[in-house]
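>>> Turn this into a structure:
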Amino acid sequence: MKEQKKESRASVFLAGGFFRILLYIFVIVLIIWIGKSTFSFGYDVFNQKAMSPGNGKEVTVEIKEGASVYEIGKALERKNLIEDAKVFVVQEKLSRYRGKIKPGSYVVSTAYTPDRILAVLSGEDSQEEETP
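This is a model prediction of the structure:
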């Protein structure tokens, strides 16, 4: 009877140790994944690149009255002018164009960086076609 209890305790101890190791591995992998994702997002925010460097393709974008920066970002993403609307929101918040985007119709090139697109949408770049 005593031997069975010792074997049972040993089994529980080994199983507990095994699950503890699995938990540690899971936590480490989770921390690495979060760190990689955070670094990648930050890199995308500060590494502004055009979708198609060079000549690019001109695209007309319509900005509606009262549209949020995220909605504008999604529209730009659908037209292949930017890669990620969430990154665009952060870029707008960190730029000198924060809160300056104006409604209207604009011609934007896929060769523009997000900062240049923000300049156009805020009316500080001459590439716009204002809608009456």
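>>> Could you list the domains of this structure?
Taking automatic domain parsing as the domain assignment, the ranges for the chain are 1-47, 58-129.
>>> highest average neighbour count across those?
Per residue and on average, the most neighbours among the domains of the chain fall to domain 58-129, with a mean of 17 (mean count of other C-beta atoms under 10 Å). Heads up, the C-betas are built off the backbone N, CA and C, glycines and all.
>>> could you dump the domains of the chain to CSV with mean pLDDT?
What follows is those, written out as CSV (pLDDT from 0 to 100):
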stretch, mean pLDDT
domain 1-47, 82
domain 58-129, 90
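>>> Now do the helices for this structure: every range, in order, please.
In order along the chain, the chain carries the following helices (DSSP state H): 2-46, 69-78, 85-94, 114-121.
>>> Now distance to residue 55 too, for these, in a markdown table please.
Formatted as a markdown table, these follow (distance: least, C-beta to C-beta, whole Å):
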| stretch | distance to residue 55 |
| --- | --- |
| helix 2-46 | 24 |
| helix 69-78 | 19 |
| helix 85-94 | 22 |
| helix 114-121 | 14 |
